[in-house]
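> with the sequence up front, the predicted model follows.
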Amino acid sequence: MKNHPAEVDEDSGSAIQNGPAGAAILSAGVGCVSLGICAWLGDAFPAIARIFDFYAPTGPLSGVTTTAIIIWLVSWGILAKAWRGKSLPLGMINMIAYLLLGAGALLTFPPFGDLLQGK
Amino acid sequence: MQMSYRELITALHGMGFGAFFLLTFSGVLILLHRIRTSNAPSAISRGELRLMRAYLIAMCVLGWGAVLSGAYFVYPWYRAHPPPGITDYGEYPQRRLLSNPMTADWHRFGMEWKEYVAWFAPIAMTMVAYVAIKYGTDLAKHRKVRNAAFTFAAAAFIAAGVAGALGALINKNAPVQGGATMTLMGNLK
């Protein structure tokens, strides 16, 4: 990331602190892709689906979503601490977050998930 | 005019939390677009930002309310397994859909997509609300933060729209029913 320019205030020309925003944006992408990966794993492997069965009436959905939310919040906390007061190349962070969001969305789309499973 | 307990909770999930969540997008997308396209922070008043903050917090409450009520109240009724010997699947919507090849894909495609894609919406909107509240009037200076907020808000809208539409169509094919019956209005004649 050091090769990418930090975001600059157009008025003052100085680097602006966007660390908290970068942490929130990237972790949202991480949360979305985690949801997609957990959903796909639960669908593809019955043994993993059973592990995700945190609350029996809801079934694996309870574990998939709880796990994804924990990953999202923990990654947010770690990134927010690491990037506090920093000026980051937000263009690249946004692009990674969009890719993670897109990958997560694809993994939850049943025809794509079935394709990956060879169904 | 009667309604069962399950129908009432399903209506609160879909038409209460879900529909209101979708309705709020029109306002927030316009406001985010206005901030995104404005060059000076002063173009957005503090009053508008306060409104936006309250609006975004309300959106998060509605979004999380929709997915949590869906997952922990409505979905268990939807996926409940009928006891052996039961052939009337009226109170078992998933079984009812799967019992007919013409309706099975409402579950295999519709519900299996809806149950997960819906969660993107509150995750994305929580991020949008956080950056809007964190940066306040300075959001006008942070073009890339605004771009990300706008993109994630649009993604949340699409995810909520897909989940809402599929939920309505699935419930039309195999409604969640059962529980105590409540009389909402007596016979008016």
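Everything's here; your move.

> ranges for the strands of chain B?
B:2-4, B:181-183 (DSSP state E).

> turn those into JSON lines, including distance to B:Thr87 and mean neighbour count.
Yep, even glycine has a C-beta here, placed from its N, CA and C like the rest. Listed next are the strands of chain B as JSON lines, based on distance: least, Cβ to Cβ, whole Å; neighbours: other Cβ atoms under 10 Å in any protein chain shown:
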{"stretch": "strand B:2-4", "distance to B:Thr87": "21", "mean neighbour count": "14"}
{"stretch": "strand B:181-183", "distance to B:Thr87": "23", "mean neighbour count": "10"}
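
> those: which one's closest to B:Met127?
With Cβ to Cβ, the closest approach to B:Met127 among those belongs to strand B:2-4: 36.5 Å.

> relative to chain A, which of the strands of chain B is closest?
Among these, the nearest to chain A by Cβ to the nearest Cβ is strand B:2-4 (18.0 Å).

> now the closest one: average pLDDT?
For strand B:2-4, the mean pLDDT works out to 90.

> any chance you could list what contacts that strand?
If you take Cβ atoms under 8 Å, 6 or more residues apart in numbering or on different chains as the criterion, strand B:2-4 is touched by B:Ala11, B:Gln177, B:Gly178, B:Gly179, B:Ala180, B:Thr181, B:Met182, B:Thr183, B:Leu184.

> sheet partners, orientation included, of that strand?
Taking DSSP bridges as the criterion, strand B:2-4 forms sheet pairs with strand B:181-183 (antiparallel).

> burial of B:Tyr130, as a residue count?
Other residues near B:Tyr130 come to 22 when the count uses other Cβ atoms under 10 Å in any protein chain shown.

> test my guess that it contacts A:Ala24.
Yes: taking Cβ atoms under 8 Å as the definition, B:Tyr130 is a contact partner of A:Ala24 at 5.0 Å.

> where's the closest residue to B:Gly14 other than its chain neighbours relative to chain A, distance?
Counting by Cβ to Cβ, 6 or more residues apart in numbering or on different chains, B:Gly167 is the residue found nearest to B:Gly14 once chain neighbours are left out, at 5.5 Å. Distance of B:Gly167 to chain A, given as Cβ to the nearest Cβ, to the nearest Å: 14 Å.

> B:Ala54 too?
To chain A, B:Ala54 is 19 Å away according to Cβ to the nearest Cβ.

> now do A:Glu10, the pLDDT please.
Confidence for A:Glu10, expressed as pLDDT, is 58.

> ok, the one 5 residues further on next?
As predicted, A:Ala15 sits at a pLDDT of 61.

> for chain B, give me the ranges with low pLDDT.
Counting by pLDDT under 70, chain B contains low-confidence ranges at B:36, B:38-44, B:187-189.

> which parts of it sit against chain A?
B:67, B:71-72, B:75-76, B:79-80, B:108-109, B:112-113, B:115-117, B:119-120, B:123-124, B:126-127, B:130-131, B:134-135, B:141-145, B:147-148, B:151-152, B:155, B:159 (Cβ under 8 Å from any Cβ of the partner chain).

> out of those residues, which are buried?
Buried members of those, scored by 16 or more other Cβ atoms under 10 Å in any protein chain shown, are B:67, B:71, B:75-76, B:79-80, B:112-113, B:115-117, B:119-120, B:123-124, B:126-127, B:130-131, B:135, B:141-142, B:144-145, B:147-148, B:151-152, B:155, B:159.

> what segments of chain B are helices?
Per DSSP state H, chain B carries helices over the ranges B:5-11, B:19-37, B:46-69, B:75-79, B:93-98, B:104-105, B:112-117, B:120-135, B:143-173.

> now the angle from the second one to helix B:120-135?
It refers to helix B:19-37. On the basis of axes from the mean of the first three to the mean of the last three Cα atoms, to 10 degrees, helix B:19-37 is oriented at 40 degrees to helix B:120-135.

> for helix B:19-37, list every residue counted as buried.
Buried residues in helix B:19-37 (16+ other Cβ under 10 Å): B:Ala19, B:Phe20, B:Phe21, B:Leu22, B:Thr24, B:Phe25, B:Val28, B:Leu29, B:Leu31, B:Leu32, B:Ile35, B:Arg36.

> kindly provide the distance from the first one to chain A.
According to Cβ to the nearest Cβ, B:Ala19 stands 21 Å off from chain A.

> where does chain A dip in pLDDT?
Chain A contains residues with pLDDT under 70 at A:1-16.

> nearest residue to the residue most central in space within it in space, please, no chain neighbours.
Centroid-nearest residue in chain A, with Cα atoms, centre = their mean: A:Val30, separated by 1.2 Å. Excluding its sequence neighbours, the residue lying closest to A:Val30 (Cβ to Cβ, 6+ apart) is A:Ser75, at 4.5 Å.
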